[in-house]
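Colleague: Sequence and computational prediction follow.
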Amino acid sequence: MHLTAASMQVSQQDFEKAQEQLKLLKKDPGNEVKLKLYALFKQATEGPCNSPKPGMLDFVKKAKWDAWKSLGSLPQDNAKQKYTELVSGLISAESSSQVPGAAAEEGRHDGYENIIVNTQNNITKITLNRPEMKNAISHEMYREIMKALEEAAKDDSTIVVITGNGDYYCSGNDLKNFTNIPADAMEKMAKEGEALDFVAHFIDFPKPLIAVVNGPAVGISVTLLGLFDLVYASDMATFHTPFSQLGQSPEGCSSYLFPKIMGAAKANEILLFNKKLTAAEACAHGLVTEVFPNRTFQKEVWARLKAYASLPKNSLAISKQLLRGVEKEKLHAVNSQECEVLKERWLSDECLNAVVAFFQRKSKL
Ligand SMILES: CCCC/C=C\CC(=O)SCCNC(=O)CCNC(=O)[C@H](O)C(C)(C)COP(=O)(O)OP(=O)(O)OC[C@H]1O[C@@H](n2cnc3c(N)ncnc32)[C@H](O)[C@@H]1OP(=O)(O)O
């Protein structure tokens, strides 16, 4: 992130305001977020961590020290900026959970850590819930989304919605998926078949599936949109797929669906050359159903979805399956082919180097 002198000044004011706002947060944001806030605060106010490492058995102090140390030599102004953004994401996540249809406690399903699942008014809503990571999808989150889709397929809901918490819809595959597993990371990911299984859950999903795209979408969260039945987007949303920059290749059946939806010329620009689309462009090219002003996005979309969810449930499911049935076999074949290519890509130097570069912040995609 490039900071101008002006934005640093604002950032200092915002930093102090953010500290006050944090005290007003009603819900505990969880240990992962609290550690990140702690680390960013220390980095912002004291600079890099130079204190001695606490003993192994002093778990709390060690976790805090690790979090702070992991920021390395991040400049204090950047830490202030990141702290401020994180608090602002938490505040907006909390306030969006107070609008109708957003994550409320009522009807909440237990057992998830990276997503929030709740059923209300015949709608099951799956909210990607790692706002501090722009809702990047970790291994565990892939598994949770698949489980939530399996449950939603069987529950009483009429329609199922996927959305994001905070300022992003989703930043795609968590690039730490490639680094968190030791040495043989890429090989392990390639063998596991997680991508194939994940995308298959979207191909086979039996009820109307709707994406409520609250902010920017990247990578697999964009390609999958071709498998949704409706895509509603805020005018703050953008759409891009940095596959070539990452040494990877398209997935989510986009190599087949994108040219079909928007024509080969546009699909090539997006999938090969990472052309970023605004919400209005994505709508004009048929990837998005409708765009709403961000100010009224939640209110308008949820009012509409509530009305749709009162339609006859079986009729909607049967009609969706009829429409999907025409292409299902083809989509599974495309998914298989795309995942075969991806497995090779993940073992390539191009991919490895791109992931390393991301974490060294040599390039921001
Ligand atoms: C099983 C199927 C496999 C399919 C395989 C691949 C398909 C894909 O999805 S490829 C696309 C992968 N995604 C990306 O390449 C996006 C990477 N992220 C970014 O470019 C930027 O973070 C982004 C533009 C999304 C946001 O930029 P900023 O507004 O400047 O925020 P930060 O970069 O500071 O982000 C905050 C925090 O989140 C971490 N983050 C965000 N996205 C990811 C990600 N996809 N993977 C890992 N980490 C991510 C980012 O590193 C920051 O963390 P800290 O540095 O610890 O604060």
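Modeller: Thanks, I have the structure now. Residues are numbered from 1 along each chain as shown.
Colleague: okay, now the domains of this protein?
Modeller: According to automatic domain parsing, the chain comprises the domains 5-89, 100-359.
Colleague: Compare these and say which comes out lowest on pLDDT.
Modeller: Note on the domains of the chain: lowest mean pLDDT is at domain 5-89, with a mean of 85.
Colleague: so who does residue 324 touch?
Modeller: Shown in contact with residue 324 (C-beta atoms under 8 Å, 6 or more residues apart in numbering): residue 203. Where C-beta positions appear, they are placed from N, C-alpha and C, glycine not excepted.
Colleague: tell me which residues in stretch 315-327 are buried?
Modeller: Residues of stretch 315-327 classed as buried: 316, 317, 320, 324, 327 (neighbour count, 16 or more other C-beta atoms under 10 Å).
Colleague: what's around whichever residue of the stretch 101-250 of the chain sits closest to the ligand, how many residues?
Modeller: Here the residue of the stretch 101-250 of the chain nearest the ligand is residue 219; by C-beta to the nearest ligand atom that distance is 2.2 Å. Neighbour count of residue 219, defined by other C-beta atoms under 10 Å: 24.
Colleague: Check which element follows the helix or strand containing residue 283 along the chain.
Modeller: Here residue 283, judged by DSSP states H and E, is contained in helix 279-284. Counting by DSSP H and E, the next helix or strand C-terminal to helix 279-284 is strand 290-292.
Colleague: Quickly check: stretch 28-46 near the ligand or not.
Modeller: No. Stretch 28-46 does not reach the ligand (C-beta under 6 Å from any ligand atom); its nearest approach is 7.1 Å.
Colleague: Backbone dihedrals for the residue of the stretch 101-250 of the chain closest to the ligand, both of them.
Modeller: Backbone torsions for residue 219, taken as degrees, to the nearest 10, come to phi 60, psi -130.
Colleague: That one: what's it in contact with?
Modeller: By C-beta under 8 Å, 6+ apart, the contact set of residue 219 is 171, 172, 173, 241, 242, 243.
Colleague: Quick check: the fourth one vs residue 170, distance?
Modeller: According to C-beta to C-beta, to the nearest Å, residue 241 and residue 170 sit 12 Å apart.
Colleague: What sits closest to residue 142 if chain neighbours are left out?
Modeller: Distances taken as C-beta to C-beta, 6 or more residues apart in numbering place residue 198 nearest to residue 142, at 5.2 Å, with adjacent residues excluded.
Colleague: I'd like to know how many residues surround the one you found.
Modeller: 21.
Colleague: How about the secondary structure of it?
Modeller: helix (DSSP: H, G, I helix; E, B strand; the rest coil).
Colleague: Just confirm residue 127 is within a strand.
Modeller: Yes. According to three-state DSSP, residue 127 belongs to a strand.
Colleague: Check the domains of the chain for me and report the most buried one.
Modeller: domain 100-359 (a mean of 19; mean count of other C-beta atoms under 10 Å).
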